[in-house]
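>>> Need coordinates for the below:
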Amino acid sequence: MHTHRRPQKAFLLLLLIGALLAGCGAQKAEAPAVARGMAEKGAIAQVPESAPAEDLAFQNEAPDVAPRLVIRNADLEIVVDNPARAADAIGKMAESLGGFVVSSKVYENTTPGGVRLPYGSVTVRVPAGQFQDALGQIASLAVRVERKNISGKDVTKEYVDLQARLKNLEAARDELQRLMNDATNTQDVLAVYRELNNVQGEIEQLKGQIQYLKTAAAMSAISVQLTPSAAARSVSIGGWHPGGVAKDALVMLVRTLRGLLNLLIWMGFYLLPVLLALSFVFGLPAWVLYRLVRRWRRKRHPAPAGEAADAPPAAPGARG
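So this is what the prediction gives:
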């Protein structure tokens with residue numbers, strides 16, 4: 001019986017090694033094939049997960065330059081008159097271009113002068129081909145663009161490597177499936193089944209990464225911070241903001257006067273009543289005690305008779 005199981009294990013081992021070798025060959029051949037498939041297309045578009053790699057299109061700005069898969073995003077801060085209205089307009093703009101709103105928020109902040117003003121933030125995704133158009137429309141809504149940061153990440157090599165690894169794992173999965181179907185020994189079946197589950201899990205992870213790269217490259221993300229124009233400093237002279245300095249000085253004056261007024265209010269309504277109460281509770285008994293001690297000392301120690309001579313003489317008219 002042992003001699004019968006040993007050839008089966010050796011046969012299974014040989015088949016697994018053959019599958020791995022075939023997978024390595026497929027991985028080496030897949031990268032050029034995918035690269036050629038990419039080179040035959042134009043700008044990338046959003047496609048379903050089941051679409052083959054050859055159906056993808058990539059950005060190709062120059063005919064002689066190899067096409068690249070680039071993820072482009074933008075981060076802006078703009079000054080607007082009405083942040084809530086601007087956030088709504090940006091969302092509608094993204095939808096009109098074939099995109100969608102990722103998040104949108106309108107909130108209130110208190111300025112240094114104590115005024116509550118509305119602020120906002122919105123993040124949208126638009127097709128990569130409409131990226132520059134979307135930035136232009138957002139800039140047209142602004143009173144002023146305070147900050148604009150555009151970033152790009154080339155993921156072409158990562159995408160090709162993932163496709164090659166996926167092809168290799170799918171070939172190994174098919175080979176393992178065939179081995180499990182042909183196996184007759186229970187232990188061999190379980191071993192192949194465990195390996196098959198591991199390979200299938202890696203395949204699903206690779207598919208998720210590939211789909212993320214497709215979506216991220218096809219749909220560019222634009223994040224916009226919305227600042228109300230009432231809170232922005234409009235006057236600038238060589239980087240100096242006199243209006244802002246005057247505003248800060250006025251704010252400090254208001255705070256100082258407010259602090260003095262608060263101090264007077266606390267003194268009038270808190271400190272003074274407390275002092276009066278303390279003087280009544282402790283000062284009145286102390287004064288009474290002082291008077292009693294003084295009277296007692298006068299009784300115990302009367303003034304000497306010689307002190308009467310020191311009294312001022314009576315007036316002449318008072319003599320008999």
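
>>> for the stretch 151-300 of the chain, what spans make up the helices?
Using DSSP state H, counting those that start in this stretch, the helices of the stretch 151-300 of the chain run over 156-182, 186-218, 242-266, 272-278, 284-300.

>>> Let me know which of these is the nearest to Val124.
Among the helices of the stretch 151-300 of the chain, the nearest to Val124 by CB to CB is helix 186-218 (14.1 Å). Quick note: C-beta positions are derived from backbone N, CA and C, even for glycine.

>>> which secondary structure elements does the closest one contact?
If you count contacts as 3 or more CB pairs under 8 Å, 6 or more residues apart in numbering; DSSP states H and E, helix 186-218 packs onto helix 2-39, strand 70-80, helix 156-182.

>>> hang on, the earlier thing: can you list the helices of the stretch 151-300 of the chain in TSV and add mean pLDDT?
As requested, the helices of the stretch 151-300 of the chain are exported to TSV (pLDDT from 0 to 100):
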stretch	mean pLDDT
helix 156-182	90
helix 186-218	89
helix 242-266	79
helix 272-278	83
helix 284-300	81
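
>>> and those, which is most packed in?
Neighbour counts (mean count of other CB atoms under 10 Å) averaged over each of the helices of the stretch 151-300 of the chain peak at helix 156-182, with a mean of 18.

>>> Domains in the protein, by residue range?
1-232, 244-297 (automatic domain parsing).

>>> element containing Leu135, please.
Leu135 belongs to helix 131-140 when assigned by DSSP states H and E.

>>> Enumerate the positions of that helix that are buried.
131, 134-135, 137-138 (16 or more other CB atoms under 10 Å).

>>> what's the answer for stretch 69-84, then?
Buried, per 16+ other CB under 10 Å, within stretch 69-84: 69-74, 76-80, 82-84.

>>> related to what we said a few turns ago, give me the residues contacting the helix holding Leu135.
Identification of contacts with helix 131-140 by CB atoms under 8 Å, 6 or more residues apart in numbering yields 72, 74, 76, 78, 90, 93-94, 97, 99, 124, 126, 145, 148, 150, 220, 222, 224.

>>> For ChimeraX, write the selection for the buried entries among these.
Command for ChimeraX, covering only those of those found buried under the criterion 16+ other CB under 10 Å:
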select :72,74,76,78,90,93,94,97,99,124,126,220,222,224
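
>>> Among the contacts of helix 131-140, which lie within strands?
Under the assignment DSSP state E, the contacts of helix 131-140 contribute 72, 74, 76, 78, 124, 126, 145, 148, 150, 220, 222, 224 to strands.

>>> Isn't the last one up against Val80?
No: applying CB atoms under 8 Å, one finds Val224 not in contact with Val80, separated by 9.5 Å.

>>> Quick check: neighbours shared by those two?
Common neighbours of Val224 and Val80 (CB under 8 Å, 6+ apart) do not exist.

>>> Contacts only, for Tyr159.
Per CB under 8 Å, 6+ apart, neighbours of Tyr159: 69, 210, 213.

>>> if I look at Arg297, how far off is Arg291?
Distance, Arg297 to Arg291, using CB to CB, to the nearest Å: 11 Å.

>>> Ok, Ala89 next?
83 Å.

>>> How about Glu195?
105 Å.

>>> just checking, Leu189 touches Asp182?
No Leu there; residue 189 is Val. No: between Val189 and Asp182 no contact is recorded; they are 9.8 Å apart, counting by CB under 8 Å.

>>> And the residue nearest to Gly91 when sequence neighbours are not counted, its phi and psi?
Spatial nearest neighbour of Gly91, excluding adjacent residues (CB to CB, 6 or more residues apart in numbering): Val101 at 4.4 Å. For Val101, the backbone dihedrals (degrees, to the nearest 10) come out as phi -90, psi 130.

>>> list the contacts for Val101?
By CB under 8 Å, 6+ apart, Val101 lies in contact with 91, 94-95, 122-124.

>>> can you check Val155 too?
Val155 sits next to 69-71, 213, 216-217 when contact means CB under 8 Å, 6+ apart.

>>> of these, closest to Leu253?
Relative to Leu253, and with distances defined as CB to CB, the nearest of the contacts of Val155 is Ile71, at 50.5 Å.

>>> roughly how far apart are the closest one and Gly98?
For Ile71 relative to Gly98 (CB to CB), the value is 18 Å.

>>> same thing with Gly283?
Taking CB to CB, one finds Gly283 at 83 Å from Gly98.

>>> Could you identify the most distant pair in the ones in strands among the contacts of helix 131-140?
The most distant members of the ones in strands among the contacts of helix 131-140, if one measures by CB to CB, are Arg72 and Ile78, lying 18.9 Å apart.
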